[in-house]
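Undergrad: Could you look at this predicted model? Sequence included:
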Amino acid sequence: MTLVTGAAGHLGNVLVRELVERGEPVRALALPGEDCSCLAGFGVEIVRGNTLEPASLVAAFAGVETVYHLAGIISILPGRDALMRQVNVIGTANVLRAAREARVGRLVYVSSIHALKRLPQGVTIDESSPFDPHNAAGEYDRTKAEASLLVLQEARRGLDAVIACPTGIIGPYDYRESEMGRLIRGFLRPGPRAIVRGGFDFVDVRDVAHGLVLMREKGRSGEVYILGGSFISFTDLIAEARRGSADRSRGVVVPHILARAAAPITALMNRLSGRDPQFTRYSLETVAGRVDISHAKASLELGWQPRPIADSIADTVRWWREHPLIVPMRRPARMRRAAPAAAGRSRVAVVTGASSGIGGLTARRLAEAGYHLVLVARRREQLDELAAAIRDAGGMADVLAVDLARPEGPQAVFEHVMERHRGLDVLVNNAGFGWYGYTSDMPWVTAQDMIQVNNAALVQLIMLFLPVMRRADQGHIVNVSSIAGSIPSQGIALYSATKSFVDALTTALYRETHGTGVHVSVVKPGPVLTEFYRTAERQPGGSTVPAERFGVSVDTVVKAIMRLLERPRRTVWVPGPLRVLPWVEFSFGWLMDRLGPLLLRRRSVRI
């Protein structure tokens, strides 16, 4: 049995075709819900799993003799990409571990020519070029280099593994419209096309698939093989693509200096239109000038020989003309920042103050999104009920009855998470309480507890888990604050101060972690319709707290939190128009100075 990861991709489905034509039984590893229609009719066994979830790999690797590991993410976008790093590096580490435990006969890993160190122009790139995990060119290059070094390390430990470094891949059967497929498809539209001066080494996808099979049969363990084709300029590429058509224009060549200056603008325009940009500074640097790449080693040792590039372009054009209705698959923008689980575990989320209200509903929504919940609050009965509901719905949840008003509470949460889950993906700091009345009437013990829960426990949890997230280069901390932090109000003086602290801390941490795979955000809701107000009414002499009439629903706040996890940002106001409050305080604070005493009511509440 042969296993192919990433089998539904461009190279993956072509490799499956090659193997099936040879009469080999093939098993394809595909993500849950992934479209595998391109494999229909080939008699392929499809196993659903995720390279980021090692437990799901056990069934896929059972009885497998050869593994072709193709699954990965390609991106020409600038900056860090947490998901790409997790899939390309951690996912490969999980595949290597699974291959070793399943005693696989040989593993063929598909790296990239971009994983090798970039050499000065005029110097030929071959297999003697080292993998460069510190490549300044782009995150994709670095992740593939790191993964390749992991494969070589396992090969030195005894795993039979070989590495392929294909150059730019073009060819038919491009059902998901790769970057080069999109470019060639664009060339087929009539009219002038803007192209940049330069070119690259391109190779036919069918030849790469054949080369992978030859590597399995003839490649030396621990060796790297470049599977390249030939260099072609973009001017010649568009001419070949339009050969035989009525439109024979060769395109408008844009100078590199102009293209580099326009790259950020075109990237923004593409982002607004929901499409990935084709030209970024990374891609422009990659195709600038002439790159000489040698595939002599593969030809000599494997007997591999790629077809002429003109034939590949002609076949690609013919295939696109026969499949004009294919809709390209684009990776959603939120996935570029998603927090996948670290190696060897499911995604884990901790929610404090989870017994009811915002915390309880947030926990339910995270469970629905596939997270393993750690529910933290003082009230055990409510946590047990919530955990049971989550499990009944098919989710996973731990219960941790901890009082964060006690200094040892956060440490207990940290120890539980690290012992049982070995890491954390999402931390929602929701626990907190308020007190309504004159500060002069507040007992000191209440003030101490408020500072401990609202601030000290939050800081301790962040300081415990943030280093874990930084090491994994992924994770999201969401602090639930309040509009009271931006507009100090009578009757909640200390509460306002604790929330101002949360806002300032979040802003500083957001700036510290900006550009990494770790995100720190704050949610600032207005009055929320939770049991806060019912509890206030039950207090001796209690009555309705005035702010309740302006309250928003818990569901509205939780939706904002979930959107924040999908598209990280520093601050979210709920509802959005409340973002004007800092300006209101700055401009009309004098009015509140006069109205405050008239509005104050002596009430206190603990939630």
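TA: Received, thanks.
Undergrad: Just checking: what are the partner strands of the strand ranked longest in the chain?
TA: Secondary structure of the chain per DSSP state E: the longest strand is strand 518-525. Next to strand 518-525 in the sheet, as set by DSSP bridges, lie strand 475-480 (parallel), strand 571-574 (parallel).
Undergrad: Looking at these, which is nearest to Ile487?
TA: Nearest of these to Ile487, taken as C-beta to C-beta: strand 571-574 at 11.7 Å. C-beta here means a position set from N, CA and C on the backbone, and glycine is covered the same way.
Undergrad: send the alpha carbons of the closest one over as CSV?
TA: C-alpha atoms of strand 571-574 as CSV (Å, rounded to 0.1, in the frame of the first residue of the first chain):
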residue,chain,number,x,y,z
THR,A,571,-9.5,45.7,20.1
VAL,A,572,-13.1,45.0,19.4
TRP,A,573,-15.9,47.1,20.8
VAL,A,574,-19.4,45.6,21.3
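Undergrad: Buried by neighbour count: which residues of that strand qualify?
TA: Residues of strand 571-574 classed as buried: Thr571, Val572, Trp573, Val574 (neighbour count, 16 or more other C-beta atoms under 10 Å).
Undergrad: how distant is it from the center of its chain?
TA: With C-alpha atoms, centre = their mean, to the nearest Å as the basis, strand 571-574 stands 22 Å off its chain's centre.
Undergrad: Average pLDDT for that strand, rounded please.
TA: Confidence for strand 571-574, expressed as mean pLDDT, is 89.
Undergrad: So which residues make contact with that strand?
TA: Here strand 571-574 makes contact (C-beta atoms under 8 Å, 6 or more residues apart in numbering) with 483, 503, 506-507, 521-526, 552, 556-557, 560-561, 563-564, 579.
Undergrad: Quick one, which of these are buried?
TA: Taking 16+ other C-beta under 10 Å as the criterion, what is buried in these is 483, 503, 506, 521-526, 552, 557, 560-561, 564.
Undergrad: Out of these, which is nearest to Tyr68?
TA: Nearest member of the buried ones among the contacts of strand 571-574 to Tyr68, counting by C-beta to C-beta, is Leu564, at 38.0 Å.
Undergrad: Can you tell me how far that closest one is from Ile477?
TA: Counting by C-beta to C-beta, to the nearest Å, the separation of Leu564 from Ile477 is 11 Å.
Undergrad: what's the overlap in contacts for those two?
TA: Counting by C-beta under 8 Å, 6+ apart, the shared contacts of Leu564 and Ile477 are Ser521.
Undergrad: contacting residues around Thr167?
TA: Thr167 touches Ile113, Phe200, Asp201, Phe202, Val203, Ile226, Leu227, Gly228, Gly229, Ile293, counting by C-beta under 8 Å, 6+ apart.
Undergrad: Return the residues in contact with the fifth one.
TA: By that I understand Val203. Contacts here follow C-beta under 8 Å, 6+ apart; on that basis Val203 touches Pro166, Thr167, Gly168, Ile169, Ile170, Leu227, Gly228, Gly229, Pro306, Ser312.
Undergrad: among those residues, which are in helices?
TA: Members of the contacts of Val203 lying in helices (criterion: DSSP state H): Ser312.
Undergrad: Including pLDDT and distance to Ser129, could the contacts of Val203 go into JSON lines?
TA: Putting the contacts of Val203 into JSON lines (pLDDT from 0 to 100; distance: C-beta to C-beta, whole Å) gives the following:
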{"residue": "Pro166", "pLDDT": "96", "distance to Ser129": "15"}
{"residue": "Thr167", "pLDDT": "94", "distance to Ser129": "13"}
{"residue": "Gly168", "pLDDT": "92", "distance to Ser129": "17"}
{"residue": "Ile169", "pLDDT": "94", "distance to Ser129": "19"}
{"residue": "Ile170", "pLDDT": "94", "distance to Ser129": "23"}
{"residue": "Leu227", "pLDDT": "96", "distance to Ser129": "15"}
{"residue": "Gly228", "pLDDT": "93", "distance to Ser129": "12"}
{"residue": "Gly229", "pLDDT": "92", "distance to Ser129": "18"}
{"residue": "Pro306", "pLDDT": "95", "distance to Ser129": "19"}
{"residue": "Ser312", "pLDDT": "94", "distance to Ser129": "24"}
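Undergrad: Including distance to Cys36, could the contacts of Val203 go into CSV?
TA: Below are the contacts of Val203 laid out as CSV (distance: C-beta to C-beta, whole Å):
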residue, distance to Cys36
Pro166, 22
Thr167, 27
Gly168, 25
Ile169, 20
Ile170, 23
Leu227, 25
Gly228, 29
Gly229, 28
Pro306, 28
Ser312, 25
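Undergrad: Among the contacts of Val203, which one lies nearest to Ile46?
TA: Ile169 (23.0 Å).
Undergrad: nearest residue to that closest one other than its sequence neighbours?
TA: Val205 (5.0 Å; C-beta to C-beta, 6 or more residues apart in numbering).
Undergrad: could you check the distance from that neighbour over to Tyr173?
TA: 7 Å.
Undergrad: Pick out whichever of these two has more residues nearby.
TA: A direct count of neighbours by other C-beta atoms under 10 Å for Val205 and Tyr173 places Val205 higher, at 26 against 21.
Undergrad: how about that one, what does it touch?
TA: By C-beta under 8 Å, 6+ apart, the neighbours of Val205 are His10, Leu11, Val14, Ile169, Ile170, Gly171, Pro172, Tyr173, Asp174.
Undergrad: what helices or strands is the lengthiest helix in the chain leaning on?
TA: Using DSSP H to define each element, the chain has its longest helix at helix 493-513. Helix 493-513 makes packing contacts with helix 444-451, helix 457-472, strand 475-480, strand 518-525, strand 571-574 when contacts are defined by 3 or more C-beta pairs under 8 Å, 6 or more residues apart in numbering; DSSP states H and E.
Undergrad: how about these, which one is nearest Ser148?
TA: Among the helices and strands packed on helix 493-513, helix 457-472 sits nearest to Ser148 (C-beta to C-beta), with 20.3 Å.
Undergrad: Would you mind writing the CA trace of stretch 133-145 as PDB?
TA: Only the C-alpha atoms of stretch 133-145 are listed here, as PDB (Å, rounded to 0.1, in the frame of the first residue of the first chain):
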ATOM      1  CA  PRO A 133      16.000  27.900   7.600                       C
ATOM      2  CA  HIS A 134      17.000  31.500   8.000                       C
ATOM      3  CA  ASN A 135      16.200  32.600   4.400                       C
ATOM      4  CA  ALA A 136      15.300  36.200   4.500                       C
ATOM      5  CA  ALA A 137      13.300  35.900   1.200                       C
ATOM      6  CA  GLY A 138      10.100  34.500   2.700                       C
ATOM      7  CA  GLU A 139       8.300  32.400   5.300                       C
ATOM      8  CA  TYR A 140       7.500  29.700   2.800                       C
ATOM      9  CA  ASP A 141      11.200  29.200   2.000                       C
ATOM     10  CA  ARG A 142      12.000  29.000   5.700                       C
ATOM     11  CA  THR A 143       9.300  26.500   6.600                       C
ATOM     12  CA  LYS A 144      10.200  24.100   3.800                       C
ATOM     13  CA  ALA A 145      13.900  24.300   4.800                       C
END
